[in-house]
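K.L.:
show me the folded form of this:
(one chain, ligands or ions: 1)
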Amino acid sequence: MGLQQAVALTNEEQIAKGRKGIHWAELHMSLLRELREDFAEKQPFAGLTIGICIHVEPKTAVLCRTLQAGGAKVVITGSPGTTQDAVAAAMKAEGIVVYGQRSDDRARHLENIHQVLGHDPDLLMDNGADLAIKMAKHFDTSRLIGGTEETTTGANLLREDLGGQFPVPVIVINDSPLKKIMENEHGVGQTIIEGFMRTTNLLLPTRRFVIIGYGACGRGIAKYLRNLGSQVVVVERDPIAGLEAALDGFKVAGLDNQTLASGQVFITVTGRPDIIGKEHFAKMSDGAILANAGHFSWEMDLAGLRETAASSDRITEHIEQFEMPDGRRLMLLTRGEMLNLAGGGGNPVETMDLGLSLQAVSLRYLVLNSRSMKQGPQSVPHAVNIEVSSKMLKQLS
Ligand SMILES: NC(=O)c1ccc[n+]([C@@H]2O[C@H](COP(=O)([O-])OP(=O)(O)OC[C@H]3O[C@@H](n4cnc5c(N)ncnc54)[C@H](O)[C@@H]3O)[C@@H](O)[C@H]2O)c1
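P.N.:
Numbers count the residues shown, from 1 in each chain. Below you'll find the predicted structure:
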């Protein structure tokens, strides 16, 4: 099938399209539907504003509706490159305040974060600590009750950049064993492959992948790829995680000359910056494909790649070709943004039902208990994990 011509939709058409996507997600999000009924009755967020930074797409729209049903004013922005404009239009039509659009870059994203914080939120739901760090540095935090943080990257930033100091409790959703198992491993594993297939239209069996980072996400990607016949080499800094990869049957190697020359696809998924740099680009083979599954595109030195390349050319919506001075071509997928979100449909609906229910139940927990909790980043309370896992187990079995 050839490329389809993009046709601009009217706002009404965008709303209708967004609503259909949200409807499909909601049909498969039984945990959030159940919570929505409970929240509608008990109004745990009555009079409160919840400031959110999370990908704007159908599943998070279902979460926003759930919080809205519980009495909250919901103000949201997405992450650069992942906002679905039709979903944003449908959310706005339901009274949710949405900032941002798909074409936003990092600078525009930071302006959107500022706008969300301008609504004086009582609760924060963050994805990459953008809201929390900006609020701690530039806004009055006196009315803040607490917050949640979705990602490993955000938790690292809170713990390292702010030294764990934040004036209210922040529940780190990613620390929940439930999210690690269901979303990071199985959700990301399945959908990074979907993103690769959709953006490249290439065969998986026999293709040589190098997965950098063998945490929950990397483990999922490596295992799903192997199940589909790909050859996988794992690069891992931590010897414990490396040992686990080896025991799971993968070749574990450094990002050395041999790995760089033989790899056909490199996927970063560490949550850390500058994992692949100029010295690595210099040794990759002609046609090597670069993709990222980690939260920020900073895992590859893209500025360095642009600087070194003799020229670059966008050859499809999602593939940019960089011609190096020696004639080799490197192919960057989805601008280095998360491949499963920027190039695919994002994590499977059921995994997000679990992750986003952890968010909703944690926010309710903060409203009821924040005064007795310690300040700063902390794990998901046991009671929240038990409530959500029991419901999910019932659904899946
Ligand atoms: N794409 C998505 O939908 C999605 C979903 C969840 C999480 N994430 C993101 O994916 C990233 C990884 O998440 P996770 O839960 O797997 O984290 P994790 O902390 O469990 O795993 C990261 C792994 O990377 C390794 N690592 C760090 N620096 C390295 C280096 N220089 N070389 C090799 N290995 C290195 C660490 O040792 C660790 O084992 C984070 O940025 C997270 O926010 C993305």
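K.L.:
quick one, what contacts the residue in the chain that the ligand sits nearest to?
P.N.:
Nearest to the ligand in the chain, going by Cβ to the nearest ligand atom, is G215, at a distance of 1.7 Å. Bear in mind the C-beta positions are built from the backbone N, C-alpha and C, glycine included. G215 sits next to T152, N184, A241, V269, T270, G271 when contact means Cβ atoms under 8 Å, 6 or more residues apart in numbering.
K.L.:
likewise for G346?
P.N.:
Counted by Cβ under 8 Å, 6+ apart, G346 has contacts H55, E57, K59, T82, T191, N340, M352.
K.L.:
run through who's touching whichever strand or helix holds P377.
P.N.:
P377 is located in strand 376-379, with elements delineated by DSSP states H and E. Strand 376-379 has contacts (Cβ under 8 Å, 6+ apart) with 149, 155, 158-159, 164-166, 169-172, 175-176.
K.L.:
which of those residues fall in strands?
P.N.:
Per DSSP state E, strands hold the following members of the contacts of strand 376-379: E149, P169, V170, I171, V172.
K.L.:
in CSV: these, plus distance to N369.
P.N.:
Formatted as CSV, those follow (distance: Cβ to Cβ, whole Å):
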residue, distance to N369
E149, 17
P169, 9
V170, 14
I171, 10
V172, 16
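K.L.:
scan these and report the most crowded one.
P.N.:
Within those, E149 tops the neighbour count with 30 neighbours, counted by other Cβ atoms under 10 Å.
K.L.:
ok so, going back, out of the contacts of G346, who's near the ligand?
P.N.:
Applying Cβ under 6 Å from any ligand atom to the contacts of G346, one finds that N340 fall near the ligand.
K.L.:
strands of the stretch 1-150 of the chain, start to end?
P.N.:
Using DSSP state E, counting those that start in this stretch, the strands of the stretch 1-150 of the chain run over 49-53, 73-77, 97-99, 123-126, 146-149.
K.L.:
nearest to G195, of those strands?
P.N.:
Closest of the strands of the stretch 1-150 of the chain to G195 is strand 49-53, at 21.5 Å (criterion: Cβ to Cβ).
K.L.:
between the closest one and strand 73-77, how big is the angle?
P.N.:
Between strand 49-53 and strand 73-77, the angle comes out at 20 degrees (axes from the mean of the first three to the mean of the last three Cα atoms, to 10 degrees).
K.L.:
any residues touching strand 49-53, and which ones?
P.N.:
For strand 49-53, contacts defined as Cβ under 8 Å, 6+ apart pick out 60, 64, 67, 72-79, 113, 116-117, 119-128, 130-131, 363.
K.L.:
check whether that strand comes near the ligand.
P.N.:
No. Strand 49-53 lies apart from the ligand when judged by Cβ under 6 Å from any ligand atom; the minimum separation is 13.0 Å.
K.L.:
so how far is that strand from its chain's centroid?
P.N.:
17 Å (Cα atoms, centre = their mean, to the nearest Å).
K.L.:
who does it pair up with?
P.N.:
Using DSSP bridges, strand 49-53 pairs in its sheet with strand 73-77 (parallel), strand 123-126 (parallel).
K.L.:
quick one: average pLDDT of that strand?
P.N.:
Mean pLDDT, computed over strand 49-53, is 98.
K.L.:
equivalent analysis for stretch 234-244, please.
P.N.:
Here the average pLDDT along stretch 234-244 is 98.
K.L.:
and it, anywhere near the ligand?
P.N.:
Yes. Part of stretch 234-244 sits near the ligand under the criterion Cβ under 6 Å from any ligand atom, namely V235, E236, R237, D238, A241.
K.L.:
next step: the residues you listed restricted to strands.
P.N.:
V235.
K.L.:
fine by me, we can end here.
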